[in-house]
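Enquirer: Prediction below, plus the sequence it came from.
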Amino acid sequence: MTGHIQVLTTAASRDEAVRIARTLVEQRLAACVQVVGPIESTYRWQGAVETSQEWLCAAKSRRELYDRIEQAIREVHSYQVPEILALPITAASADYLKWLDEEVTWKTQD
């Protein structure tokens with residue numbers, strides 16, 4: 001197992017998903033964020049079954065940065081309760097993980 005994660009979140013619009021992706025990469029909290037969509041989500045919210053179009057963000061990062069990633073997503077996300085899931089990367093090519101580690105170098109903003 002590696003110390004790397006993929007963080008998933010969904011957004012209400014493509015613009016919001018791209019804003020989340022850019023925020024994570026610009027802050028060097030993720031090496032890469034893929035935006036996929038639109039997707040159709042069916043879920044229960046406030047007692048009703050809802051269906052909506054969403055965009056999925058998949059961010060590649062390191063486990064120790066999860067709290068900062070979650071905070072950064074919440075700062076730009078429009079949902080009251082955003083989906084923010086971290087999945088462990090259990091195996092990956094050595095070259096990819098080396099690249100990921102080189103690109104994810106979180107630091108405080110100047």
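Expert: Arrived safely, thanks for sending. Numbering: from 1, shown residues only.
Enquirer: From now on I want contacts and neighbour counts done on CA atoms only, so please keep to that.
Expert: Fine.
Enquirer: Show the average pLDDT along stretch 87-100.
Expert: Average pLDDT, stretch 87-100: 95.
Enquirer: in it, what's buried?
Expert: Neighbour-count burial for stretch 87-100 flags 88, 89, 97, 100 (criterion: 16 or more other CA atoms under 10 Å).
Enquirer: Could you do stretch 17-26 as well?
Expert: Applying 16+ other CA under 10 Å to stretch 17-26 flags 17, 18, 20, 21, 23, 24, 25 as buried.
Enquirer: And for stretch 45-55?
Expert: 54, 55.
Enquirer: May I have that stretch as CSV, with CA atoms only?
Expert: Below are the C-alpha coordinates for stretch 45-55, written out as CSV (Å, rounded to 0.1, in the frame of the first residue of the first chain):
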residue,chain,number,x,y,z
TRP,A,45,-31.9,14.8,0.2
GLN,A,46,-34.1,16.2,3.0
GLY,A,47,-36.6,13.2,2.7
ALA,A,48,-37.0,13.3,-1.0
VAL,A,49,-35.4,11.3,-3.8
GLU,A,50,-33.7,13.7,-6.2
THR,A,51,-31.9,13.3,-9.5
SER,A,52,-29.5,15.9,-10.9
GLN,A,53,-26.7,16.3,-13.3
GLU,A,54,-23.3,16.6,-11.7
TRP,A,55,-19.6,16.6,-12.6
